[in-house]
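J.: structure, please.
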Amino acid sequence: MAIDPNAEIDHGAPLTPYRQLAEILRARIRRGDWAPGRAIASETQLVQQYGLARSTVRRAIAVLVESGEVFTVPQRGTYVAEKPSSESV
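T.: Predicted structure coming up:
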């Protein structure tokens, strides 16, 4: 499911808010808002920007961590993972 990187959270949608946020962040990464190896917006910034609870933001980030798109560094933030090299044989 592709979501517009500029989308807002729709609390009436069938997709839960944390899944919506995960898809928005995924789209923003693919658009190039954050380069590989660079930090994404902080939890606090995402809470304020999208009007969500911190636990909801954390669940969204956990979805992206599980899929290998981002990784977290304790006390430092969440960073975009390097894209796997599909050319290696």
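
J.: contact partners for residue 76?
T.: Contacts for residue 76 (C-beta atoms under 8 Å, 6 or more residues apart in numbering) come out as residue 39. Just so you know, the C-beta spots here come from the backbone N, C-alpha and C atoms, and that holds for glycine as well.

J.: and stretch 46-56, how far apart are its ends?
T.: Across its full length, stretch 46-56 reaches 10 Å between end residues, using C-alpha to C-alpha, to the nearest Å.

J.: pLDDT of it, averaged?
T.: For stretch 46-56, mean pLDDT is 97.

J.: next, the buried residues of the longest helix seen in the chain.
T.: Counting by DSSP state H, the longest helix found in the chain is helix 17-31. Using 16 or more other C-beta atoms under 10 Å as the test for burial, helix 17-31 gives 17-29.

J.: same check on stretch 70-85?
T.: Buried, per 16+ other C-beta under 10 Å, within stretch 70-85: 70, 72, 78-80.

J.: any idea how far that stretch is from the chain center?
T.: 11 Å (C-alpha atoms, centre = their mean, to the nearest Å).

J.: now the residue nearest the centre of the chain: how far from residue 6?
T.: Among the residues of the chain, the one closest to the centroid is residue 25, at 3.4 Å (C-alpha atoms, centre = their mean). Distance of residue 25 to residue 6, given as C-beta to C-beta, to the nearest Å: 12 Å.

J.: got it, and residue 68?
T.: Residue 68 sits 24 Å away from residue 6, going by C-beta to C-beta.

J.: so residue 8 touches residue 52, yeah?
T.: No - counting by C-beta atoms under 8 Å, residue 8 stays clear of residue 52, with 10.8 Å between them.
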